[in-house]
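In: sequence isn't available, so here's the structure alone:
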């Protein structure tokens, strides 16, 4: 399996609303079209209204690469910059867990 965590810090409340709208457009398409995307969870951070955390888990690196090539994902990646102050990505290698099998 292949995973990542992304922490986004948004510019301001207006940017947060725009970013959340972009996520709302993108996530249903991921659900419908990507069998290799096992988990795509978007979180608001309690007490930090301008932060969002994504947790993504893919069947393998090829499934992640296929995800990145989807037109709706490319649109998200291109549009998100208008809303962001910063972002940080950590790539993960699953060791063990409940609800997933390696």
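Out: In hand now; what should we look at? Computed from a predicted structure; not experimentally measured.
In: tell me which residues touch residue 85, please.
Out: For residue 85, the contacting residues are 9-11, 50, by CB atoms under 8 Å, 6 or more residues apart in numbering. Just so you know, the C-beta spots here come from the backbone N, C-alpha and C atoms, and that holds for glycine as well.
In: now the helix or strand containing it: how far from the chain's centre is it?
Out: Remark: residue 85 resides in strand 84-92, with elements defined by DSSP states H and E. Distance of strand 84-92 from the chain centroid (CA atoms, centre = their mean, to the nearest Å) equals 10 Å.
In: for that strand, which strands pair with it and how are they oriented?
Out: If you go by DSSP bridges, strand 84-92 pairs up with strand 2-10 (antiparallel).
In: buried set for the partner strand?
Out: Buried residues in strand 2-10, counting neighbours by 16 or more other CB atoms under 10 Å, are found at 2-3, 5, 7-10.
In: now stretch 58-67
Out: In stretch 58-67, counting by 16+ other CB under 10 Å, buried: 58, 63-64, 66-67.
In: now the two most distant members of the residues you listed.
Out: Across the buried residues of stretch 58-67, the longest distance by CB to CB is 8.6 Å; it joins 58 and 66.
In: need the overlap of contacts for these two.
Out: residue 36.
In: how many other residues sit next to the closest residue to residue 59 other than its chain neighbours?
Out: Counting by CB to CB, 6 or more residues apart in numbering, residue 59 lies nearest to residue 36, which is 4.3 Å off, once chain neighbours are set aside. Look at residue 36: counted by other CB atoms under 10 Å, it has 14 neighbours.
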